[in-house]
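[1] based on what follows, work out the 3D shape:
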Amino acid sequence: MRKRNTIIFDMDGTLLNTLDDIADSLNYSLEQCGYPLHEKEAIRKMIGGGATILLERAAPKDLTDVQRAELMQVFIGHYFPNSNNKTDLYDGIRPLVAKLKKDGFQMGIVSNKGDKAVKELTKSYFGDEMEFALGERADVTRKPAPDALYLAMDELGVTAEDCIYIGDSEVDAQFSKNAGIPCIIVTWGFRDRKELKEAEPDVIVDTIEELYNEIYRLGGI
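    Okay, the predicted model is just below:
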């Protein structure tokens, strides 16, 4: 009998390569507000804490609250209608998800991306393969606080003993630890392996094949 039957995924950098669309919207917003732009590689390392953290990292440090609010408004206004221009699944994710679904795993997504975008992208790429999708909301403390994972577990009718969390960053590693769930971290996302090792996740994988094997190892039969 399988010990862990529920897989909860991060979205950006784990399932979907969203970097180009995030970078385009970030630089558009910075330009519109008259602030310096960033190279895509620098933006890659800023992603992971949600829009508020992204803009804090990208914008000049001496902005007023009014200026920060204006920048956020421009960013959100640009990103949502443009969130799926260049975004796509990472190679191998489609067959992995199909295989896990066929084998009886239930799956969901918990992300620090805005809730509206998370739900739209989940619907677009996964349909009913994902039984739950939650993004950043004002009433749920963002990762690495465990609140969103607790909410996901309640909605899916499972406990920490039933779950595995899969992400791509130090935020995800801490998130899963805070919720008492084993974590698999992938290296094809937005962080370098050195940074990931320092976060001390349960497992780091480099390929879809390794991810598949670790899911089944942790899940047990």
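
[2] any idea how far residue 145 is from residue 49?
    Applying Cβ to Cβ, to the nearest Å, the value for residue 49 to residue 145 is 11 Å. Using the backbone N, CA and C atoms, a C-beta is placed for each residue, glycine as well.

[3] who's in contact with the helix or strand hosting residue 21?
    Using DSSP states H and E, residue 21 maps to helix 19-32. By Cβ atoms under 8 Å, 6 or more residues apart in numbering, the residues outside helix 19-32 that reach it are 12-13, 36-38, 40, 43-44, 47, 54-55, 58-59, 71, 74-75, 78-79, 82-87, 190.

[4] the lowest-mean-pLDDT helix or strand in the chain: which residues count as buried?
    None of the helices or strands of the chain scores lower by mean pLDDT, DSSP states H and E than helix 193-198, at a mean of 91. Residues residue 196 are the ones in helix 193-198 that count as buried (16 or more other Cβ atoms under 10 Å).

[5] how distant is that helix from the center of its chain?
    Distance of helix 193-198 from the chain centroid (Cα atoms, centre = their mean, to the nearest Å) equals 17 Å.

[6] circling back: how far does the next helix or strand after the helix holding residue 21 sit from its chain's centre?
    As assigned by DSSP H and E, the chain's next helix or strand after helix 19-32 is helix 40-46. Relative to the centre of its chain, helix 40-46 is centred 15 Å away, using Cα atoms, centre = their mean.

[7] distance of residue 34 from residue 43?
    Shown here: residue 34 relative to residue 43, a distance of 18 Å by Cβ to Cβ.

[8] burial count for the closest residue to residue 4 other than its chain neighbours?
    Leaving aside its sequence neighbours, residue 4 sits nearest to residue 219 (Cβ to Cβ, 6 or more residues apart in numbering; 4.4 Å). Counted with other Cβ atoms under 10 Å, residues neighbouring residue 219 total 20.

[9] same question, residue 72
    16.

[10] check which residues of the helix or strand hosting it are buried.
    Assigned by DSSP H and E, residue 72 belongs to helix 65-79. Within helix 65-79, the residues scored as buried using 16+ other Cβ under 10 Å are 71, 72, 74, 75, 76, 78, 79.

[11] can you check stretch 77-93 too?
    Residues of stretch 77-93 classed as buried under the neighbour-count rule (16+ other Cβ under 10 Å) are 78, 79, 83, 84, 87, 90, 93.
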